[in-house]
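> when you get a sec, could you give me coordinates for this:
(chains A and B)
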Amino acid sequence: MSLLEALRLAAATLWANRLRTFLTILGNVVAVSSVVAVVAVINGLNSYVSEQILSTGTHVFSISKFGFVTDYDTWLKMMRRKDLTLDDADALSRQMQYASAVVPVVSRSETLRRGRDEASGASLVGLGDGYPDLRTLDLETGRHLTRQDMLGRAQVAVIGVEVRDKLFGSIDPIGQDLRVGRDRFLVVGVLKKRGSVLGQSQDNIVLIPVTTYVKIYGKRNPIELNIRSTGPETLEAAQEEASMILKLRRGLKPWDEPDFSVETSQMLYSFYQNITKGVYGLTIGIVAVSLLVGGIVIMNIMFVSVTERTREIGIRRALGARRRDVVLQFLSESVALAALGGIFGVIVGMAGAIVLRATTPLPASIQLWSVVVGLLLASSVGLFFGIYPAFRASQLVPVEALRRET
Amino acid sequence: MASNQILIELKGIERTYRVGEEEVHALAGIDLRIQRNEFLAVMGPSGSGKSTLMNLIGCLDTPTRGSYLLNGIAVEGLDDDELARIRNLEIGFVFQTFNLLPRADTLRNVELPLVYAGLPRAERKRRGLHALDLVGLTGCGHRKPNELSGGQRQRVAIARALVTNPSLILADEPTGNLDSKTGEEILSVFEQIHEAGNTILLVTHDEGIARHARRIVRILDGVIASDTLRGAGGTPPPVRLEG
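Numbering: from 1, shown residues only, chains lettered A, B, ... in the order given. Coordinates of the predicted model:
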């Protein structure tokens, strides 16, 4: 019997027992759909995170009061640290040899108004001079904030497209005013559309000079300093240098622990990668267990199938089927069964990923390799757990098999 | 040509089964020659060993002692795969309970031995349809066994036995599950295929059915009790070895 013949027979048999087939493959469906969905979500997160975290540019690091806090106790400890100030930024800017730009950044959520129109939940971002070099913030029209704006604490703003759409409609916003609380800002530029990330619009944003921000909201704001080194090779030296200068400004000894955090986007990224590794590890566990359970179910059903069809095996043997033909028949059946579970798993996993993407901020991008791995895993489970039942079927004695009632 | 006329030659065939501590001699020394184009009935009460003999001749079982030549092939030394090949190519089985595959349609059932012979699909279909024509079931290829009457099912089984063009048709109580009228019809089908040149070995306990055969071999307690030739038909006389 040829392989094609065996597969055709397997398909017919599985179709004849549709309900049993469906129930048998559930384990494999769970396993493969988890692979496909988890990989899709993590991959979506990856592309988002790498774009987001690493978009701050190469050889950029940041200094902040809190740093990257992952638990409440640390956060409480960080609370007692001194705030970073614009003076710190100035000092670093003046004293550092390895920095090509020092940009203070501070932000809060505000409601923007113009006449009766408003844009709520907008990020109001105070930025220092030189920010366009550090972040990918391209203009659609108008100009960026300048050094003059910073020095003069000008009431000027660069807005995102969503703010423009909400407040100005089809009017050209350049030269128009918008209000934040009691303060008026003159719009001088509009950013290109940046889309949304994790459900958060990146276009509901207003950039103003950091000096203006501090003038309005006071100094006790969590200012963060973004610093770019003169090149990739000086990144570490620049971190060391900035750290040293800040320690001295705060009266610490060079060997003291810093009371501020110095981080590169790369560090954040590797932290994130550790999390994904954990998730992958967990997924591998779930998949292994479901495949094992799925495989045992398949093996049991194949034993049932062999017992039920003892007479059929006898007939086939009498008509000239060799042992290996019987093995091939039952093995193709178990592999087809398992692979079918894999195919359903891929469909369920893809559907799950698509639903997740549509209903939650989690991005998901389905990966071909996860589909291939899922299908291969599922099929090999069918092969492995099908061997013993198929072998047992082939060892039936034809004369006795023919005498069996079923 | 004379030796070529002999299809089956059994010499000193013994078959013993072990039941617990006891040895049961199902066959205790059978010598039998069957020539080509014979129509032979093997008779005997249940427990006489006729089923064991049929299984041995059908290569479903191997003898404990003795030699078996089928179409010039020494069967007793063959392994499992080779026996399967002999069953596939040399023997066509017809069973009392038809033994059709219930889920497969008529044509698929008839084609089944050809699947194991490794024939391509188109050729299988051509031969299968031809075999159905031979048993008078033209146009029934797409019916399932449960849509057929008992007589039709046995015709399908005969078509399946004929489809590989085997050297021996082995029928085990082929009318046992049929009423007498349908049984007669099936026996006339056997007569037709015998006249077409096939060798037929019929196992039965029914005298009326055995009468259709030209030669009757009676088995009792694992040995041949008698071997008689009916009428003066065209078949050459059987050769008895020893007395």
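> from here on, just use CA atoms for contacts and neighbour counts.
OK.
> got the buried residues for stretch A:360-375?
A:362, A:363, A:364, A:365, A:366, A:367, A:370, A:371, A:374, A:375 (16 or more other C-alpha atoms under 10 Å in any protein chain shown).
> cool, and stretch B:120-130?
Applying a neighbour-count criterion of 16+ other C-alpha under 10 Å, one finds B:124, B:125, B:127, B:128, B:129, B:130 buried in stretch B:120-130.
> still on that earlier bit, and which of the buried residues of stretch A:360-375 is nearest residue B:5?
Minimum distance to residue B:5 across those is 57.8 Å, recorded for residue A:375 (C-alpha to C-alpha).
> list the helices and strands the helix or strand the closest one falls within packs on?
Assigned by DSSP states H and E, residue A:375 belongs to helix A:368-394. With contacts taken as 3 or more C-alpha pairs under 8 Å, 6 or more residues apart in numbering or on different chains; DSSP states H and E, helix A:368-394 sits against helix A:26-54, helix A:265-308, helix A:323-359.
> could you give the angle of the next helix-or-strand element following the longest one to helix A:368-394?
Just to be clear, that refers to helix A:265-308. Once helix A:265-308 ends, the next helix or strand along the chain (criterion: DSSP H and E) is helix A:310-318. Put simply, helix A:310-318 runs at 80 degrees to helix A:368-394, going by axes from the mean of the first three to the mean of the last three C-alpha atoms, to 10 degrees.
> export helix A:310-318 as PDB, just CAs?
Output of helix A:310-318 as PDB, limited to C-alpha atoms (Å, rounded to 0.1, in the frame of the first residue of the first chain):
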ATOM      1  CA  THR A 310      -9.600  -6.400  14.300                       C
ATOM      2  CA  ARG A 311     -11.900  -8.100  11.800                       C
ATOM      3  CA  GLU A 312     -11.000  -5.600   9.200                       C
ATOM      4  CA  ILE A 313      -7.300  -6.200   9.900                       C
ATOM      5  CA  GLY A 314      -7.900  -9.900   9.400                       C
ATOM      6  CA  ILE A 315      -9.700  -9.300   6.100                       C
ATOM      7  CA  ARG A 316      -6.900  -7.100   4.900                       C
ATOM      8  CA  ARG A 317      -4.200  -9.600   5.900                       C
ATOM      9  CA  ALA A 318      -6.100 -12.400   4.100                       C
END
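> and the contacts of it?
The contact list for helix A:310-318 (C-alpha atoms under 8 Å, 6 or more residues apart in numbering or on different chains) reads A:323, A:326, A:393, A:396-406, B:60, B:84, B:87-88, B:93, B:99-101, B:112-113.
> same check, this time on stretch A:208-228
A:59-65, A:83-86, A:89, A:99-106, A:124-129, A:134, A:145, A:149-151, A:153-158, A:235.
> do stretch A:81-96 as well
With C-alpha under 8 Å, 6+ apart, stretch A:81-96 has contacts from A:64-65, A:99, A:101-104, A:211, A:219-225, A:238, A:241-242, A:245-246, A:259-260.
> any low-confidence regions in the chain?
You didn't pick a chain, so chain A it is. For chain A, residues meeting the criterion pLDDT under 70 lie at A:52-58, A:197-199, A:406.
> that was the other one, I meant chain B.
Looking at chain B by pLDDT under 70, you get B:1-4, B:231-243.
> what sits against the residue of it found nearest chain A?
Nearest to chain A in chain B, going by C-alpha to the nearest C-alpha, is residue B:88, at a distance of 3.9 Å. Contact partners of residue B:88, counting by C-alpha under 8 Å, 6+ apart, are A:318, A:319, A:320, A:321, B:113, B:116, B:117, B:164.
> going by distance to residue A:71, which of those wins?
Nearest to residue A:71, judged by C-alpha to C-alpha, of these is residue A:321 at 67.5 Å.
> let's verify residue A:262: helix, strand, or coil?
What DSSP: H, G, I helix; E, B strand; the rest coil gives for residue A:262 is strand.
> not counting its neighbours along the chain, what's nearest it?
residue A:63 (4.6 Å; C-alpha to C-alpha, 6 or more residues apart in numbering or on different chains).
> quickly list what that neighbour is bridged to.
residue A:225, residue A:262 (DSSP bridges).
> so what's the residue count around it?
By the criterion of other C-alpha atoms under 10 Å in any protein chain shown, residue A:63 has 22 neighbours.
> repeat for residue A:76
Residue A:76 has 12 neighbours, counted by other C-alpha under 10 Å.
> pretty sure it belongs to a strand, no?
No. Under three-state DSSP, residue A:76 falls outside any strand and is assigned helix.
> how far away is it from chain B?
73 Å (C-alpha to the nearest C-alpha, to the nearest Å).
> now the element after the one helix or strand residue B:194 maps to, going C-ward?
Element membership for residue B:194 (DSSP H and E) is helix B:180-195. Going down the chain from helix B:180-195, the next helix or strand is strand B:200-204, by DSSP H and E.
> which outside residues touch the helix or strand that that next one is followed by?
Using DSSP H and E, the helix or strand that follows strand B:200-204 in sequence is helix B:207-210. Contact with helix B:207-210 is made by B:41, B:42, B:43, B:187, B:202, B:204, B:216, as judged by C-alpha under 8 Å, 6+ apart.
> mind checking which of the residues you listed are buried?
For the contacts of helix B:207-210, buried by 16+ other C-alpha under 10 Å: B:41, B:42, B:43, B:187, B:202, B:204, B:216.
> the fourth one reaches residue B:202, doesn't it?
No. Under the criterion of C-alpha atoms under 8 Å, residue B:187 is not in contact with residue B:202, lying 10.1 Å apart.
> wait, is residue B:47 part of a strand?
No. Going by three-state DSSP, the assignment for residue B:47 is coil, not a strand.
> burial measure for it, as a count.
Counted with other C-alpha under 10 Å, residue B:47 comes out at 13.
> narrow the contacts of stretch A:208-228 to those in helices?
A:86, A:89, A:134, A:149, A:150, A:151, A:235 (DSSP state H).
> and of those residues, the nearest to chain B?
Looking across the ones in helices among the contacts of stretch A:208-228 and measuring by C-alpha to the nearest C-alpha, the closest to chain B is residue A:134, at 69.6 Å.
> I figured the closest one was touching residue A:61, is that so?
No. The pair residue A:134 / residue A:61 is not scored as a contact, 10.0 Å apart, by C-alpha under 8 Å.
> the helix holding residue B:194 packs against which elements?
When contacts are defined as 3+ C-alpha pairs under 8 Å, 6+ apart, helix B:180-195 packs onto helix B:150-162.
> so what does the helix it packs on touch, helix or strand wise?
strand B:91-94, helix B:106-117, helix B:121-134, helix B:180-195.
> how does it look with 10 Å?
Contacts defined by 3 or more C-alpha pairs under 10 Å, 6 or more residues apart in numbering or on different chains; DSSP states H and E place helix B:150-162 against strand B:91-94, helix B:106-117, helix B:121-134, strand B:168-172, helix B:180-195.
> report the inter-axis angle for that helix versus helix B:106-117.
Computed by the same axes, to 10 degrees, the angle separating helix B:150-162 from helix B:106-117 equals 20 degrees.
> still on that earlier bit, restricted to buried residues, select the contacts of stretch A:81-96 in PyMOL.
Those of the contacts of stretch A:81-96 that count as buried under 16+ other C-alpha under 10 Å are selected in PyMOL with:
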select buried, chain A and resi 64+65+99+101+102+103+104+211+222+223+224+225+238+241+242+245+246+259+260
